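Participant: starting from these lines, generate the structure:
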Amino acid sequence: MFQKLSGLHRGQKGITGLETAIILIAFVVVAAVFAYTVLSAGLFATEKSQQAVYSGIEETQSTLEMRGSVVAYKGDSNISSSVGKLEICVSNAVKDGEPTDLTPPYALAGGALVESAYDNPTQIAFTDSGVTVPDCSWTLSWVGKHTDDYLLENDEKAVITVWFHSYDGTNWSDGTVANGFLGSNYVDTNHKFNLEVKPPSGAVLNVERTTPAYLDTVMDLH
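Facilitator: Down below sits the predicted model:
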C-alpha cells in the first residue's frame, strides 16, 4: 500500500522559493512601470492645462478697450470730400494688465506724416466692401499722464489716429506719396467700414462704423 501511494507522487515538481521571488519581482517591476507611465501622463496633461490657463490669462490681460467715441475728420477737395483720418481712444481693458506696445508706423513732423524709424508690433487692418488693407498708416498721441515711451500701461489713454489718405501738413493727397493707404478709394457718405486693432498679444479690437449721409468737418461716429 505504501509503495502504491509513494508512486503517485513520482515525477511531480514544486515551485521553489527562488522562482516565487522572481515572479514577484516581475510583477513589482511591471506595476512600477505602469504606475510611472500613468503618473507621467498625468503630469504632462497637468502641465499642458497649466500652460493653457496661463496663456488665456496673458491674452486677457493684454486686451485693449475703446474709450469714448470714434471721431472722423473730413478731408478737402483733393480727396473728394471723403474722410481723411479717424481717431480712436484706447486703454487697457484689465487693471494691472500687461502693457501693450503701441509703437506707431508713422509720426507727425511739422504737421506732415513721416515714416517712423521703429517697427510697429501692433497692426491696424481696414476692410470695407471694396478693399482690404492689412497694415494701415497710423500715428499715436496721449491723453493725460503717460510715461515717456510707446507702452500703453495702467491708467494711460492713447489716441490712435488712422490716416486714410496722405497729408503734408496743409493738403490732403489721394496716395501719390508713400503715406496714407486708401489711394483712390474713398470713405464717403453712408460708407460702412471696419478697423481691426491687432496688438502683439491679446484680443483684437474691432471698430465697425458707418459714415453719415452728410460729412461734416468733424464727425462723431456713434
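
Participant: which stretches of the chain aren't confidently modelled?
Facilitator: For the chain, the stretches flagged by pLDDT under 70 are 1-19, 21, 27, 32-36, 38-62, 175-178.

Participant: try it again with 80
Facilitator: Counting by pLDDT under 80, the chain shows low-confidence ranges at 1-62, 77, 80, 95-97, 174-179.

Participant: what's the biggest strand in it, counting residues?
Facilitator: Longest strand in the chain by number of residues, with DSSP state E as the criterion: strand 83-92.

Participant: now that strand, how far from the centre of its chain.
Facilitator: Centroid separation for strand 83-92 versus its chain: 19 Å, with C-alpha atoms, centre = their mean, to the nearest Å.

Participant: just the CA trace of that strand, in CSV.
Facilitator: The C-alpha coordinates for strand 83-92 follow below in CSV (Å, rounded to 0.1, in the frame of the first residue of the first chain):
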residue,chain,number,x,y,z
VAL,A,83,-12.9,111.0,-44.6
GLY,A,84,-9.2,111.9,-44.3
LYS,A,85,-8.4,110.5,-40.9
LEU,A,86,-10.1,108.9,-37.9
GLU,A,87,-9.3,108.9,-34.2
ILE,A,88,-9.8,106.1,-31.6
CYS,A,89,-9.0,106.5,-27.9
VAL,A,90,-7.9,103.2,-26.2
SER,A,91,-6.8,101.9,-22.9
ASN,A,92,-6.0,98.5,-21.2
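
Participant: within its sheet, name the partner strands of it and how each one runs.
Facilitator: Its sheet considered, strand 83-92 pairs with strand 64-66 (antiparallel), strand 70-74 (antiparallel), strand 157-163 (antiparallel) by DSSP bridges.
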